[in-house]
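Trainee: Let's see this in three dimensions:
(4 chains)
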There are 2 protein chains.
Amino acid sequence: MKGKAITIKDIAKLVGVSVSTVSRALKDHPDISLETRDAVKSVAMSMNYRPSQVAVSLRLKQSKVIGVLLPKIYSFFFPSVVNGIEEVVNEYGYHLMILQSNELYQKEINNTNILLANNVEGVLATVSRQTKDYSHFENILDAGIPMVFFDRVPDNVMADMVLIDDTEGAYKAVKHLIERGRRKIAICIGNPEMLISVNRLKGYKKALAEYKIPFNDEYLISAETPEHAATQTSRLLGLKQPPDSIFAISDLTMSGIVQEIYRRKLRVPEDVALIGFCETIFCKMYNPQLSSITPLGLEIGRQAARRLFLRIFSSNNHNIKPQTIFLNSRLEIRDST
Amino acid sequence: MKGKAITIKDIAKLVGVSVSTVSRALKDHPDISLETRDAVKSVAMSMNYRPSQVAVSLRLKQSKVIGVLLPKIYSFFFPSVVNGIEEVVNEYGYHLMILQSNELYQKEINNTNILLANNVEGVLATVSRQTKDYSHFENILDAGIPMVFFDRVPDNVMADMVLIDDTEGAYKAVKHLIERGRRKIAICIGNPEMLISVNRLKGYKKALAEYKIPFNDEYLISAETPEHAATQTSRLLGLKQPPDSIFAISDLTMSGIVQEIYRRKLRVPEDVALIGFCETIFCKMYNPQLSSITPLGLEIGRQAARRLFLRIFSSNNHNIKPQTIFLNSRLEIRDST
DNA sequence: ATCGTTACCGCAATCGATTGCGGTTAATAA
DNA sequence: TTATTAACCGCAATCGATTGCGGTAACGAT
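Mentor: Numbers count the residues shown, from 1 in each chain, chains lettered A, B, ... in the order given. Predicted coordinates for the structure are as follows:
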């Protein structure tokens, strides 16, 4: 900021009125005569005046900024969520401060502090994989700042949550495989401690149970990177009774699985049927295109943001009961099943 | 902000000193005695004091925020750039305000105003497809705020630019195809008016010329969406002399091309060799994996951010000559060629 | 006893915008 | 002519932190 921006004071001097008059004129306060208003406005216009959001933020605590806490923007899923958030946030004239934790607990704490220091008016968050303690989020809530969690949510924080019904989604995926005649169905989850893994595994088991297929723990693998998924898949396919289908609960691990299947020159879906839990656009990039449960990141972002603004604009935010919104994910059948 | 945050004033009252003393004590000003310093600090700590970044920003014009202007975060390329930017920006204790234009000129103008109103200390930008006039960027520069453009850059703004050497990259890609024995090489560009299209096309022609292969404008298609690319590809493959290889200059259009090739049950690379201009991770998702020129988004982000901080921390920003940095993209040979 | 230092600390202005309250002018009523 | 009352507008405090400058106390030196 060298070429100092022009302020309300500059306008006041030029028009020959006080700063208070300028301030009021600019927002059509009835106390100010029409001529004065016009004079102020035209000068403001000609000087290319831009009100300092920072000053407003200090004075009124209205920063027009929503904080977003993410593990990693460089992924398949989060950019679409961010898109949904932006869509809504822009409607209200707000914008985003996006902070990533890189899945680190300490970084997540720092990030909450940064948001607090910047007077954000609301926070949307997905917790990192490392996070077990949620007290840093309480700081935000205690400051009276509305929060909505999405996707990976904490289990004992009094705030709104927006997430996909993982159990239901996984259930639909596996049921679909069964209906296609598969019986030896493997599942690749992520970190077994994560709720997302737990729930999707639950849906998997539910579908098996419904068709009286016994659960075989040799068919359960866990991976957090494509490479890891590939080696795990290799083990799977080397079994005496290799699976005839695989359900992968994440985009990233699916790519590893596909790699390994290609490497072994197996056919999809003839030898192995595949179904993922991933964004549409990525499923379409494979050959054959993957059937999938799409988590609808866009929709998650929208809903979370809407819920947040409901609180921001409510006079008695604290009287609104925290709510958990489950979104149904959609089964999209393509060529891999 | 209901549960009002605690301020320097609260600490002052509790310790029994003035606010100025607290301010100085917190930053180890030598004027303040050690006991006072410790007293202030311990109280600050126990009250969980967090300095208001907003107040500092107003007073000192140090917002610790870097603005990022993007067409669309939901893409293949930009998240990786953002990652690179974040990496550097965090080193310096800064964070990002990311604004997307959705390729709309008017939105881009609004976004520059938002950044200005928020006292950002620097701006990193990629221009939208619609943008022909760059005067809104001049506003930022005139305010004394350093700017670095990356990827899609304007052609007549006095600012730093960081971009990949498109011509060289395309040249390497096409040369690679030729060396693999291909002669009927098609190219799919984006909007023909965009510099990126122009330059990559230039590299394509350069490689052809080097091997004395005449340019055939039937082999030149242009698309901005996967769907559009698919129909264009269909036309290509329906030619009397269909191409034996296709070079696609963007991730998105490549996906459309691949779709169409799959649909026609053509083999890659036997019938049609493919080479893209895309991020590694996406190339690996195809079957077969795509050879590619990788634009190294991460590296672009890093370099742009570094260049920006060079200006931010220099006392005479305006004396540093604007510089255009070309990054070499890397040829990664996989299975599609 | 007086002056000079040094060591510490507070006053008050400042950044830019907002707003309660009080003041001035002019018009109108009595 | 005087009191009343709109109609307009300005003063000054405020948000939270920073900082130039001035002030006080304690100490030693002369």
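
Trainee: helices and strands of chain A: which one has the lowest mean pLDDT?
Mentor: Averaged element by element with mean pLDDT, DSSP states H and E, chain A has its least confident helix or strand at helix A:280-283 (a mean of 77).

Trainee: next structured bit after that one?
Mentor: Beyond helix A:280-283 on the C-terminal side, the first helix or strand identified by DSSP states H and E is strand A:291-294.

Trainee: Which single residue in the stretch 151-300 of chain A comes nearest to DNA strand D?
Mentor: Across the stretch 151-300 of chain A, no residue is closer to DNA strand D than A:Ala159, which sits at 23.6 Å (Cβ to the nearest atom of the strand). In short, each C-beta sits where N, CA and C put it, glycine included.

Trainee: residues in contact with the least confident helix or strand of chain A?
Mentor: The contact list for helix A:280-283, computed with Cβ atoms under 8 Å, 6 or more residues apart in numbering or on different chains, reads A:Phe76, A:Asp251, A:Gly276, A:Gln289, A:Leu290, A:Ser291, A:Ser292, A:Thr294, A:Glu332, A:Arg334, B:Ser255, B:Met285.

Trainee: you'd agree the residue of the stretch 151-300 of chain A closest to DNA strand D is up against A:Asp142?
Mentor: No. In this structure, A:Ala159 is not within contact of A:Asp142 by Cβ atoms under 8 Å, at 11.8 Å.

Trainee: Which one's more surrounded, those two?
Mentor: Just comparing A:Ala159 and A:Asp142: by other Cβ atoms under 10 Å in any protein chain shown the higher neighbour count belongs to A:Ala159, 23 against 14.

Trainee: hmm, back to that, which member of the contacts of helix A:280-283 is positioned nearest DNA strand C?
Mentor: For the contacts of helix A:280-283, the nearest to DNA strand C is A:Phe76 (41.1 Å; Cβ to the nearest atom of the strand).

Trainee: Backbone dihedrals for that closest one, please?
Mentor: Per-residue torsions, A:Phe76: phi -90, psi -30 (degrees, to the nearest 10).

Trainee: Quick check: the gap between it and DNA strand D.
Mentor: Distance, A:Phe76 to DNA strand D, by Cβ to the nearest atom of the strand, to the nearest Å: 39 Å.

Trainee: one step back: may I see the buried residues of the least confident helix or strand of chain A?
Mentor: Residues of helix A:280-283 classed as buried by neighbour count (16 or more other Cβ atoms under 10 Å in any protein chain shown): A:Thr280, A:Phe282, A:Cys283.

Trainee: With stretch A:68-83 instead?
Mentor: By neighbour count, with 16+ other Cβ under 10 Å as the criterion, the buried positions of stretch A:68-83 are A:68-71, A:73-83.

Trainee: So which of the residues you listed sit within strands?
Mentor: The strands, defined by DSSP state E, take in A:Val68, A:Leu69, A:Leu70 from those.

Trainee: from these, which is closest to DNA strand D?
Mentor: Comparing every one of those with DNA strand D (Cβ to the nearest atom of the strand), the shortest separation belongs to A:Leu69, at 22.0 Å.

Trainee: Check which helix or strand A:Val22 maps to.
Mentor: Remark: A:Val22 resides in helix A:19-26, with elements defined by DSSP H and E.

Trainee: And for A:Val157?
Mentor: A:Val157 belongs to no helix or strand, assigned by DSSP H and E.

Trainee: do A:Met97 as well
Mentor: Mapping A:Met97 onto the secondary structure by DSSP H and E places it in strand A:95-100.

Trainee: Let me see the mean pLDDT of that strand.
Mentor: Per-residue confidence for strand A:95-100 averages out to 96 on the pLDDT scale.

Trainee: Quick check: neighbours of it in the sheet, parallel or antiparallel?
Mentor: Pairing partners of strand A:95-100, with direction, according to DSSP bridges: strand A:65-70 (parallel).

Trainee: picking that back up, chain neighbours aside, what residue packs nearest to the residue of the stretch 151-300 of chain A closest to DNA strand D?
Mentor: Computed as Cβ to Cβ, 6 or more residues apart in numbering or on different chains, the closest residue to A:Ala159 that is not its neighbour in sequence is A:Met147, at 4.6 Å.

Trainee: So what pairs up with that neighbour in the strands?
Mentor: Applying DSSP bridges to A:Met147 gives these bridge partners: A:Val123.

Trainee: Kindly provide the distance from it to A:Ala304.
Mentor: 10 Å (Cβ to Cβ, to the nearest Å).

Trainee: same deal with A:Gln259?
Mentor: Shown here: A:Gln259 relative to A:Ala304, a distance of 33 Å by Cβ to Cβ.

Trainee: just A:Gln323 next, same as before
Mentor: For A:Gln323, the distance to A:Ala304 equals 12 Å [Cβ to Cβ].

Trainee: ranges for the helices of the stretch 101-250 of chain A?
Mentor: Using DSSP state H, counting those that start in this stretch, the helices of the stretch 101-250 of chain A run over residues A:105-117, A:135-142, A:166-179, A:195-210, A:226-237.

Trainee: who touches the third one?
Mentor: Counting by Cβ under 8 Å, 6+ apart, helix A:166-179 makes contact with A:185, A:187, A:195-196, A:199-204, A:206-208, A:210-211, A:213, A:245, A:247, A:249, A:273, A:275, A:277, A:291-293, A:295, A:326, A:328-329, A:331, A:333, A:337, all of which sit outside it.

Trainee: Tell me the buried residues in that helix?
Mentor: Within helix A:166-179, the residues that qualify as buried by neighbour count (16+ other Cβ under 10 Å) are A:166-178.

Trainee: who in chain A is up against DNA strand D?
Mentor: By Cβ under 7 Å from any atom of the strand, the part of chain A that sits against DNA strand D consists of A:16-21, A:30-36, A:55, A:58-59.

Trainee: tell me which element A:Phe326 falls in.
Mentor: In this structure, A:Phe326 sits in strand A:324-327 according to DSSP H and E.

Trainee: List the contacts of the residue nearest the centre of chain A.
Mentor: The centre of chain A sits closest to A:Val81, judged by Cα atoms, centre = their mean, with a distance of 4.4 Å. The contact partners of A:Val81, by Cβ under 8 Å, 6+ apart, come to A:Phe150, A:Asp151, A:Gly297, A:Leu298, A:Ile300, A:Gly301, A:Ala304.

Trainee: what do you get if the cut-off is 6 Å, keeping everything else the same?
Mentor: If a contact means Cβ atoms under 6 Å, 6 or more residues apart in numbering or on different chains, then A:Val81 has A:Gly297, A:Ile300, A:Gly301 as its contacts.
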